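Engineer: Have a look; sequence and predicted model below, questions after that.
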Amino acid sequence: MSGFDNPLLVDLAYRQIKQDILTKQLVPGRKIVVHDLSQRYQISETPIKQALNRLITEGLVESIPRRGVAIKKLTLKGLHEMMQARQMIELFAAPSVLNRARQDAGFVQRLQENTRQLEESLKTADASEYFAAQNQLDTQFHILLVDTLENEKISEFYSHLGTHLVVFYLYGVKHMDRFWESLEEHKQILLAIQDLDQPGLQKAIMHHLEMTLADSQKNLTTVLKNCSEYEPEKAGR
């Protein structure tokens, strides 16, 4: 284990914790034991604590009085707030998306390639792997749209929202039909971009996000019916 702490170790701990959240090694509501993570990652506790503070600011981790820190619980209110923020950002980005499409043919090609990869990956998708690859490609598609704003603050904030959405999906009931529907919605967004159709693009984005919210809400409602799995561990852990 490293005997010193530096920003590189903080970044490493941050990525490791996030990966453990996305692979269900760390679950919502469960207390985080810093010593255990230190042993697991072979990193001293200080950079792990700093990484957890960073995740607290992103909203993935929460500080609980007298209990330490835990992965933030999933709530319907949190889901609606996250999707509302995504809607505002993506609709705001629509004019920039079309400007980029006019000026950069490579941008449209990247969206097309992402869509092709998602379609191919769905043919071999495995629910036991929590559809991690498919969620990642889906998120990348939207990040490409938002990055046309060339606003680092917005892009950073939006990337956090994407991680939150993946976490909601991880604990929901997976249906392949919804992934195929989502792919078709991406294709409609892409078609509007290729046609340089701003009203059509905004309509396609709204439809996609509304469908995503409905599916996520259904999934989360199922999770909350059996919420004991996500309760914090007993004191003394």
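Structural biologist: Cool, got the structure.
Engineer: count of residues packed around Ile189?
Structural biologist: Close neighbours of Ile189, defined as other CB atoms under 10 Å, add up to 26. Bear in mind the C-beta positions are built from the backbone N, C-alpha and C, glycine included.
Engineer: list the contacts for it?
Structural biologist: 145, 201, 204-205, 208 (CB atoms under 8 Å, 6 or more residues apart in numbering).
Engineer: which of those are buried?
Structural biologist: 145, 201, 204-205, 208 (16 or more other CB atoms under 10 Å).
Engineer: got the phi/psi numbers for the residue nearest to the spatial centre of the chain?
Structural biologist: Geometric centre of the chain, nearest residue: Thr163, 2.0 Å, by CA atoms, centre = their mean. The phi/psi pair for Thr163 (degrees, to the nearest 10) reads phi -60, psi -40.
Engineer: check contacts around it.
Structural biologist: Counted by CB under 8 Å, 6+ apart, Thr163 has contacts 18, 21-22, 58, 60.
Engineer: Can you tell me which of these is closest to Ser44?
Structural biologist: The shortest gap between Ser44 and any of the contacts of Thr163 belongs to Lys18, at 18.7 Å (CB to CB).
Engineer: and the helix or strand encompassing that closest one, what other elements does it pack with?
Structural biologist: Counting by DSSP states H and E, the element that carries Lys18 is helix 7-22. Packing partners of helix 7-22 (3 or more CB pairs under 8 Å, 6 or more residues apart in numbering; DSSP states H and E): helix 34-41, helix 45-58, helix 152-170.
Engineer: now the longest one and helix 7-22, what's the angle there?
Structural biologist: Taking axes from the mean of the first three to the mean of the last three CA atoms, to 10 degrees, one finds that helix 152-170 is oriented at 30 degrees with respect to helix 7-22.
Engineer: Helix 152-170 versus helix 45-58: what angle between them?
Structural biologist: Using the same axes, to 10 degrees, helix 152-170 lies at 90 degrees relative to helix 45-58.
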